[in-house]
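Peer 1: okay, sequence plus prediction incoming.
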Amino acid sequence: MTPALSLSRLILRDFRSYAALEARFAAPVVVITGENGVGKTNLLEAISLLGPGRGLRGARMGDLGRRVGEAPPLPWATSGRFETPIGPFDIGTGTAPDGGPERRAWMLDGVAQKSSTALAERVAAVWLTPQMDRLFQEGASGRRRFLDRLVWALEPAHAREVAAHDHAMAGRNRVLAEGRGDAAWLAALEEQMARHAVAAVAARQALARRLNAVLAGGQATGAFPAARMALACQIAAALEAGPALAVEETLREGLAADRRRDAAAGGAARGAHRTDMTLIHLEKDQPADRCSTGEQKALLVAVVLAHAALIAEARGFAPLLLLDEVVAHLDQPRREALFAALAALPAQSFLTGTDAAVFSPLSGLAEGFRAGAGIIVPDADYPLPESR
Ligand SMILES: Nc1ncnc2c1ncn2[C@@H]1O[C@H](COP(=O)(O)OP(=O)(O)OP(=O)(O)O)[C@@H](O)[C@H]1O
């Protein structure tokens, strides 16, 4: 299926291991293979940075520039041309010309942007990486980040709600740590925290509900295991039971009552930062943390496939899917299920792996590249599909 949003050209300058790269993509499924350490993940990371946020590794901006010897990383830039049914647009990002290495600049169609808001309106990307193999074993923050990225693709303003909540919470933590009994200031911060927490959790809940409806339909996920997303979150539970304004009020009162406790603990016991999420493997009736690594990967794949279908329906374009080393974990039937699902999905996907042979069922469907040191070249075994 032709995706309504696809990356047709990527240009990198001094980005991680790439001094200068220009790559053109023409197919809805792009396969990049190469040996360990040649820069496959770096390429996906560069693509992930064309949307808002800190990208697939959550890296500091100053770490993204190419390092040569002991010198500090160079200023970097990446730009992408995106094709849509109403014409192309160009996004560029990189080190801001004025300011330190942590300052980032944004361009849309050659015009500098003050923030990434305009990008969030046009581009979304979702990824699965090898680092996420322990998503269900480690702390809740990784799961929350994954969940928030899914929400963000549906509702770009979600990022602002979460940031505003965290900002108010950091302010409250500071006041509590300093031991200043500034009740009016604390009350104002708690009011902001409560308001943004309820908005952020309501958006997470809405995403989970809509995602579960798509998962239950099963069309987007094909042969992947039937899955359901479950939020573990007191605010979400309260929102199920009563109106948002009442939940906000209860949260505000709870925060005010917790001041002494939160000061001693060094952080708030309630708020949007407490949401956790799991995926339920419905056939086994088990949460993801009790499933095997391969089953967990399959659950995550089912979720990103269903999510892409949901966003395509809701926003008219699907997020780019960046699937780093995902295929290696899947057995043969699941690999073929993934390839079939990707071919049917209205999303552009980028897959990486070390073994080109694994992707052979995609010959004729996908466009292939071999990554070498600082370059990528078309892979003759995966010519551009004729239909494009
Ligand atoms: N800032 C940087 N400057 C120059 N090189 C860098 C920088 N950051 C990372 N690299 C290099 O990039 C390479 C890692 O690239 P990447 O993680 O994309 O590899 P990969 O092809 O995905 O490997 P694998 O198959 O092992 O996952 C390493 O050789 C690393 O030294």
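Peer 2: Sure, I can see it. Numbering: from 1, shown residues only.
Peer 1: CA atoms for contacts and neighbours, from now on please.
Peer 2: Will do.
Peer 1: quick one: the strands in the stretch 201-350 of the chain?
Peer 2: 227-232, 276-281, 286-287, 320-323, 349-353 (DSSP state E, counting those that start in this stretch).
Peer 1: and those strands as a markdown table, adding distance to the ligand and mean pLDDT?
Peer 2: Below are the strands of the stretch 201-350 of the chain laid out as a markdown table (distance: least, CA to the nearest ligand atom, whole Å; pLDDT from 0 to 100):
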| stretch | distance to the ligand | mean pLDDT |
| --- | --- | --- |
| strand 227-232 | 28 | 98 |
| strand 276-281 | 26 | 98 |
| strand 286-287 | 28 | 98 |
| strand 320-323 | 11 | 98 |
| strand 349-353 | 7 | 97 |
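Peer 1: can I get the ones you listed in a markdown table including mean neighbour count?
Peer 2: Shown next, in a markdown table, are the strands of the stretch 201-350 of the chain (neighbours: other CA atoms under 10 Å):
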| stretch | mean neighbour count |
| --- | --- |
| strand 227-232 | 20 |
| strand 276-281 | 20 |
| strand 286-287 | 16 |
| strand 320-323 | 24 |
| strand 349-353 | 24 |
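Peer 1: residue 142 is nearest to which of the ones you listed?
Peer 2: Of all the strands of the stretch 201-350 of the chain, it is strand 276-281 that lies closest to residue 142, at 9.3 Å by CA to CA.
Peer 1: the closest one versus strand 227-232: what angle between them?
Peer 2: 150 degrees (axes from the mean of the first three to the mean of the last three CA atoms, to 10 degrees).
Peer 1: neighbouring contacts of strand 276-281?
Peer 2: 136, 140-141, 143-144, 147, 225-233, 286-288, 291, 299 (CA atoms under 8 Å, 6 or more residues apart in numbering).
Peer 1: what does stretch 371-381 give?
Peer 2: 17-21, 23, 32-35, 38-40, 363, 367-370.
Peer 1: what do you get if the cut-off is 10 Å, keeping everything else the same?
Peer 2: 14-25, 31-40, 43, 352, 354, 356-357, 360, 363-364, 367-370, 384 (CA atoms under 10 Å, 6 or more residues apart in numbering).
Peer 1: in the stretch 251-388 of the chain, which residue sits closest to the ligand?
Peer 2: Scanning the stretch 251-388 of the chain for proximity to the ligand using CA to the nearest ligand atom identifies residue 354 as nearest, at 6.0 Å.
Peer 1: that residue: how many residues sit nearby?
Peer 2: Residue 354 has 19 neighbours, counted by other CA atoms under 10 Å.
Peer 1: quick one: contacts for residue 198?
Peer 2: 161, 165, 204, 235-236, 238-239, 244-245, 247-249, 251, 271-272.
Peer 1: just the element for it, please.
Peer 2: helix 183-217 (DSSP states H and E).
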